Every structure is written in structure tokens, then in C-alpha cells.
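Visitor: Could you work out the structure for the sequence below:
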Amino acid sequence: MVAPPDNDVLWARALHVTHNGSPALTGVSLGVREGEILAVSGPRGSGKTTLLRCLSGQLLPQQGEVWFNSTPVHTMGPLVRERLRRDRFGWIDPEPHLVPELTARENVALPLMLRGASHRTAKPAAQEWLERLDIGGCARKRPHALLQAERQRVAVARALVTTPSVIFADEPTAPLHRADRAHVLRTLTTAARSHGITVVLATHDPELAALADRAVTLLDGRRVKTVHLPDTDAPPGPAPAAGPGPTDAEGRAACSLSV
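Guide: Have a look, this model is predicted:
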């Protein structure tokens, strides 16, 4: 095994994953720098969630390596990986999975308490993040009494409250309206930058990807590079020689190259 570069907090090499015999990831490699906000973009079914699950230690690839801070995640046992996720990572799902018996504030405080923080310490920290997300007034409500957008904000606050090393956000604003989506994303990215949190964001929304420092694209489980075609408003050049040209389908296919 070769250790990753020193400035990469996450590093993956040649990941291969299959689900029920179908390839989900095929040879995907990437590095994520400390404090970077990286967008993993691509259409639904392209392998974005599978990649995030491998990087976070939820899923072991059939082939390939995953490293966190120069420590091989792919060789860890289940309990060590679970401790890593609890202590160093945060996760935001497309749908908020909140504990129904707990209030919003208790849901946000839960990761702190699992780390050993007292209720007296965890409660104000949870309230602070609820206030930052403009749902401080929902602190005592249980999930069934919250709107969908409010539940998702609680899930975002829960991921941020421990100030983790890395937050994995899998389509984190999918259930939100446009205005709510913008506010939550601003809060997430601002908090990440101010606290030096690395964010790996899976999205099929170009507007979300544009908020990241860098983006990588997946297509059918492979990492691809988009080639931008010349601007149609550019001055015309010399006329090309006559001859058969590519079909529309061939032209579209030429816009993506495997890397």
C-alpha cells in the first residue's frame, strides 16, 4: 500500500463496488484536501452515494483503498470504522432520520452525548446550531410536529454540532424548497469554512455543485471529465473541409472522457 499525499484528508484509489452483480463504482480514484468543499456530481444512479459510503467507511469496496488522514479505512474492522464515523465524521441524508421520541434539540445534542458530553454541555451547543439554522423556536418540538424543511435543518444541525473533521452530505437539500435550500447551503458552507470542516457533497444539482471549491463528476460508476464545447457566439473560423461529421449522439458522447 502507498500512503496518500499529506494534504489529503481523504484519499481513494481504484474503487470497485458491485450491487447485485451490477457495477456501482468502476476504478474511481480521488483525493480530498483538508478544509475543501468537494462536490461529487452526476445524474441519479451514477454512483455518488456509493462513493460517499465508501469514503465514510459505511461500505467496504470489493477492490481499492480508502484512507483518512493517512490511516487505511479499508483495513479497519467494523467497530473501529463505527468509532471513526461517530468521532470524526458527520452525515446528512436526503431524508432526515430523526429519533421520533426526542425533541429537535435532543436530536441535535445526541451525537455530543454519544461522545460523552454531559447534557448540560450538549443542550446549549444544540440550541446554538438550531438558532443558526433559524429553527430555534422548534427546539422542544418532536419530529412529527415539524415541517419537512424543519426536519432537514435539524439533521444539518446534528451533523455540524460536533464540528467533525468531514461532513458527508448526500443530496442534503433534496426535500427543500428553493429559498430553504439556499439558506441551508449557505449555513453549511459558511460553518464548514469557518471551522475548517471538509465537506464531500453529492448532488445532481449544478447550483449546489457551484458552491463547492471543486467538483468531480461520475457517470455510470466512472469518474469523467466534461469537455466544454466552443462558445456558439465566437467569431467564425475557416470553414471546415467537407465530409461526414459526427451524429448528434456521437457528439454528445465525445463531451465526456473517462479519467
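
Visitor: Now for the closest residue to residue 8 other than its chain neighbours, how many residues are close by?
Guide: Nearest non-adjacent residue to residue 8, counting by C-beta to C-beta, 6 or more residues apart in numbering: residue 31, 4.1 Å away. In short, each C-beta sits where N, CA and C put it, glycine included. For residue 31, the count of nearby residues is 16 (other C-beta atoms under 10 Å).

Visitor: How confident was the prediction at residue 31?
Guide: On pLDDT, residue 31 comes in at 95.

Visitor: For stretch 158-166, the averaged confidence score.
Guide: Average pLDDT, stretch 158-166: 95.

Visitor: what comes into contact with it?
Guide: 9-10, 32, 56, 68-69, 88-92, 98, 107-112, 115, 122, 125-126, 129, 167, 169, 188, 191, 195, 197-200 (C-beta atoms under 8 Å, 6 or more residues apart in numbering).

Visitor: can you rerun that using 6 Å?
Guide: With contact meaning C-beta atoms under 6 Å, 6 or more residues apart in numbering, stretch 158-166 is reached by 88-90, 92, 107-108, 111-112, 125-126, 129, 167, 191, 195, 198.

Visitor: if we can go back for a sec, surely the residue nearest to residue 8 is within a helix?
Guide: No. Read with DSSP: H, G, I helix; E, B strand; the rest coil, residue 31 is strand and lies in no helix.

Visitor: give me the number of residues near residue 165?
Guide: Neighbours of residue 165 under the rule other C-beta under 10 Å: 19.

Visitor: same for the strand or helix carrying residue 52, what does it pack against?
Guide: For residue 52, the element it lies in under DSSP states H and E is helix 48-55. On a contact count with 3 or more C-beta pairs under 6 Å, 6 or more residues apart in numbering; DSSP states H and E, helix 48-55 meets strand 8-19, strand 166-170.

Visitor: got the CA coordinates for it in PDB?
Guide: C-alpha atoms of helix 48-55 as PDB (Å, rounded to 0.1, in the frame of the first residue of the first chain):
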ATOM      1  CA  LYS A  48     -22.400   9.200  -5.900                       C
ATOM      2  CA  THR A  49     -24.000   7.700  -2.800                       C
ATOM      3  CA  THR A  50     -21.900   4.600  -3.100                       C
ATOM      4  CA  LEU A  51     -18.700   6.700  -3.300                       C
ATOM      5  CA  LEU A  52     -19.700   8.700  -0.200                       C
ATOM      6  CA  ARG A  53     -20.500   5.400   1.700                       C
ATOM      7  CA  CYS A  54     -17.000   4.000   0.800                       C
ATOM      8  CA  LEU A  55     -15.200   7.200   1.800                       C
END
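
Visitor: How far away from the center of its chain is whichever helix or strand comes after that helix?
Guide: Using DSSP H and E, the helix or strand that follows helix 48-55 in sequence is strand 63-68. The chain centre lies 17 Å from the centre of strand 63-68; the measure is C-alpha atoms, centre = their mean, to the nearest Å.

Visitor: So the residue nearest to the spatial centre of the chain: helix, strand or coil?
Guide: Nearest residue to the geometric centre of the chain (C-alpha atoms, centre = their mean): residue 201, 2.6 Å. Here residue 201 is recorded as strand under three-state DSSP.
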